[in-house]
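Asker: I would like to see how this sequence folds:
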Amino acid sequence: MEPGAFELSRIYGKGWNAAKQWLAEHDRDPTPNQAGRLNPYDALAERARWGKGFEEGLLSPTGGRGMASLRSRRPDGGA
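Answerer: Predicted coordinates for the structure are as follows:
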């Protein structure tokens, strides 16, 4: 069963929070492989939404440093 908009929003938030936690604990951005291993979801829709939240959390002006390399790892090709 596909998750609804509310659940996908919560999954995005979990990815965002994971990015902020990573930035607080590390002095470098994660590699694409590290970011992929942090993603707790198996289903494509959930993995994509968590990944988008994670990437945007890293890029946000509240502490992000940039993750252009992760865009190529997103299922939608980063578009």
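Asker: burial of S60, as a residue count?
Answerer: 13 (other CB atoms under 10 Å). C-betas here are computed from N, CA, C, even on glycine.
Asker: for F6, same thing?
Answerer: Using other CB under 10 Å: F6 sits among 8 other residues.
Asker: pLDDT wise, what is it at?
Answerer: Here the pLDDT value assigned to F6 is 96.
Asker: Can I get whichever strand or helix holds it as CSV, trimmed to CA atoms?
Answerer: Using DSSP states H and E, F6 falls within helix 5-25. Listed next in CSV are the C-alpha coordinates belonging to helix 5-25 (Å, rounded to 0.1, in the frame of the first residue of the first chain):
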residue,chain,number,x,y,z
ALA,A,5,0.7,12.6,1.8
PHE,A,6,0.8,12.9,5.5
GLU,A,7,3.0,9.8,6.0
LEU,A,8,5.3,11.0,3.2
SER,A,9,5.6,14.4,4.9
ARG,A,10,6.6,12.7,8.1
ILE,A,11,9.2,10.5,6.3
TYR,A,12,10.6,13.7,4.7
GLY,A,13,10.9,15.2,8.2
LYS,A,14,12.8,12.2,9.4
GLY,A,15,15.3,12.5,6.6
TRP,A,16,15.7,16.3,7.4
ASN,A,17,16.2,15.5,11.0
ALA,A,18,18.8,12.8,10.2
ALA,A,19,20.7,15.3,8.1
LYS,A,20,20.8,17.9,10.9
GLN,A,21,21.9,15.2,13.3
TRP,A,22,24.7,14.1,10.9
LEU,A,23,25.9,17.8,10.6
ALA,A,24,25.9,18.1,14.4
GLU,A,25,28.0,15.0,14.8
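Asker: Centre of the chain to stretch 23-42, how far?
Answerer: In terms of CA atoms, centre = their mean, to the nearest Å, the centre of stretch 23-42 is found 8 Å from the chain centre.
Asker: what about it, start to end distance?
Answerer: End-to-end distance of stretch 23-42 (CA to CA, to the nearest Å): 24 Å.
Asker: Give me the mean pLDDT for it.
Answerer: 94.
Asker: give me every residue that touches the residue nearest in space to the middle of the chain.
Answerer: Closest to where the C-alpha atoms of the chain average out (CA atoms, centre = their mean) is F54, at 2.1 Å. By CB atoms under 8 Å, 6 or more residues apart in numbering, F54 lies in contact with 15-16, 18-19, 35, 38-39, 70.
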